[in-house]
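1. quick check, what structure comes out for this input:
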Amino acid sequence: MKEVCFVLILIGILKGINCQIFSLGCPTGWVLNENECYKFVEDDKVYEEADAACWSMGARLLSVDSFQEHEFISNYLTASKLMRQTYYYTSGYYFLGRLFWEAENRYHDGADFWIGEKTPPKEEIMYRVVYTYAGSGSGYRWANISSSIMASYICEIPRSQTQDLEIMDRDFDYGIGETDARNLIRGPTIVEQPESIIVFEGVETVDIECSASGNPYPMYSWYRGTNLNDSALVTSATDNRYTLTGGKFTIEGPDGSKDLSSYHCKAENSIGSVLSNEAKILFGYLGYISNVEPEPTYARVFKGTKIDCETPSYSPRVTYQWFKNAAINIFVQPGNDNMFVSFSGTLYVSEVQPTDSPKRYFCLITLVGTDDIKLGKANTLVRSNKGILLLLLDDTSSSLQTWTHISQPTCFPSDS
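-> Modelled structure (predicted):
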């Protein structure tokens, strides 16, 4: 019988120790008062979002049970918050003259702490109860606001339940006793993914790069191929045009027939290895424009006209610019009331002015990347036509195509 009693006493002691282990304080970022932990969150949200945010942490919005708790909240906000205009949501709502704490599913039955020490009027409108600054000497007190107002909020959780919060906050270094994160032994992690790039033949070099952290410091290698199982290791021994410096992979004299492919970076140390995202090296091109001087464009004064840009073959995408008078390069700027460049490169003139002629108009075509893949550094390829002369006609023949005034255009249909 004595042995049984001893076992029960021992279990009781161990159970008490276990409770103390998880109840000595609050997790980082939480404030202890009595047996409750509080988190004062400055990220403004509407009421429903604030309530959900507290729920996601295993807590609830604040419910005030006593004068001591109210005093703690007011004093903490007064001492720590320099900006006094902020609202802080609680779980309370005020309806028909009564305050209800939703987090505890009960009506308030203690002292009131309304701003101005005045109980709000009895209304058939539900308001949310917040803490707000009541002025010097009064600290923070209650007020009513709409649940749609963006405000900060206060989460609350019993101290005995905070062990789950502590577990969620643990990182890979928990419990190892090392205070300097740089000394932690850990496998590599990619911190900078390689990016796909578009180049064109004739450029001197192209490079893609990845970066990884880890301890020991990781070593890098590069693989070519879309299917990881069939990827081939690329080194300077594979091709003397290849250079690997840390996580940077450089190709001298890129060649579309050899280098057009997908690449992956691998970072590895004694703990493990990690593979980067796929990065593609693609090859773009921009054909040549004819050296033959184009025919003039004829237009009537104060009538609309267009000047077409001879676009060569290209990949993946081009942009267009127009300028007139090669000597001074007067560019057609976006927002010009009288001239507009369409997506297909055509220059539209809303009303031809006498000063627009006789002048030559030059079309510049620039090779650019796509929304997802950038053009390589220093890879600028531009073509220009020989200049199209705009001449005025007195002829009123209906065979000459014209357009009505274009007022502040932002887009234009294709020519097809």
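2. so residue 247 touches residue 208, yeah?
-> No. Using CB atoms under 8 Å, residue 247 and residue 208 do not qualify as a contacting pair, with a distance of 9.3 Å. Heads up, the C-betas are built off the backbone N, CA and C, glycines and all.
3. and for those two, which residues touch both?
-> The overlap between the contact sets of residue 247 and residue 208 (CB atoms under 8 Å, 6 or more residues apart in numbering) consists of residue 265.
4. what is the neighbour count of residue 156?
-> Here the number of neighbours of residue 156 (other CB atoms under 10 Å) works out to 24.
5. got a pLDDT number for it?
-> Reported pLDDT at residue 156 in the predicted model: 96.
6. that one: what secondary structure?
-> strand (DSSP: H, G, I helix; E, B strand; the rest coil).
7. which residues touch the nearest residue to it once chain neighbours are set aside?
-> With CB to CB, 6 or more residues apart in numbering as the measure, residue 62 is the residue that lies nearest to residue 156, at 4.7 Å, once sequence neighbours are left out. Under the criterion of CB under 8 Å, 6+ apart, the contact partners of residue 62 comprise 38, 73, 88, 90-91, 103, 153-156.
8. likewise residue 54?
-> For residue 54, the contact set (CB under 8 Å, 6+ apart) comprises 39, 60-61, 153, 155-156.
9. please apply the same query to residue 89.
-> In this structure, residue 89 makes contact with 45, 47, 50-51, 61, 128, 130, 151-154, judged by CB under 8 Å, 6+ apart.
10. neighbours of residue 131, how many?
-> The number of residues near residue 131, taken as other CB under 10 Å, comes to 28.
11. equivalent analysis for residue 252, please.
-> Close neighbours of residue 252, defined as other CB under 10 Å, add up to 14.
12. now the contacts of residue 62 as CSV including distance to residue 222?
-> Below are the contacts of residue 62 laid out as CSV (distance: CB to CB, whole Å):
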residue, distance to residue 222
38, 51
73, 57
88, 53
90, 56
91, 55
103, 55
153, 49
154, 51
155, 47
156, 52
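13. return the subset of those residues lying in strands.
-> Residues of the contacts of residue 62 located in strands (DSSP state E): 38, 88, 90-91, 153-156.
14. farthest pair in those?
-> Using CB to CB, these span at most 12.7 Å, a distance reached by 38 and 91.
15. more neighbours, these two?
-> Neighbours of residue 38 and residue 91, each counted by other CB under 10 Å, are more numerous for residue 91; the result is 25 against 19.
16. from memory the more buried one sits against residue 103, does it?
-> Yes. Counting by CB under 8 Å, residue 91 does reach residue 103; the two are 3.7 Å apart.
17. give me the common contacts of these two.
-> Joint contacts of residue 91 and residue 103 (CB under 8 Å, 6+ apart) are 60-63.
18. put the buried members of these into a PyMOL selection.
-> Buried residues within the shared contacts of residue 91 and residue 103, as defined by 16 or more other CB atoms under 10 Å, are selected in PyMOL through the command that follows:
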select buried, resi 60+61+62+63
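19. residue 307: which of the shared contacts of residue 91 and residue 103 is nearest?
-> Using CB to CB, the shortest approach to residue 307 within the shared contacts of residue 91 and residue 103 belongs to residue 61, at 65.4 Å.
20. mind listing what the closest residue to residue 29 other than its chain neighbours touches?
-> With CB to CB, 6+ apart as the criterion, residue 29 has its nearest non-adjacent residue at 6.2 Å, and that residue is residue 39. Counting by CB under 8 Å, 6+ apart, residue 39 touches 29-31, 54, 57, 59, 154-156.
21. of those, select the buried ones using a ChimeraX command.
-> The following ChimeraX command selects only the buried members of these, with burial defined by 16+ other CB under 10 Å:
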select :30,31,54,57,59,154,155,156
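22. possible to save the contacts of residue 39 as JSON lines with distance to residue 163?
-> JSON lines is the format used below for the contacts of residue 39 (distance: CB to CB, whole Å):
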{"residue": "29", "distance to residue 163": "15"}
{"residue": "30", "distance to residue 163": "13"}
{"residue": "31", "distance to residue 163": "17"}
{"residue": "54", "distance to residue 163": "17"}
{"residue": "57", "distance to residue 163": "13"}
{"residue": "59", "distance to residue 163": "13"}
{"residue": "154", "distance to residue 163": "21"}
{"residue": "155", "distance to residue 163": "16"}
{"residue": "156", "distance to residue 163": "16"}
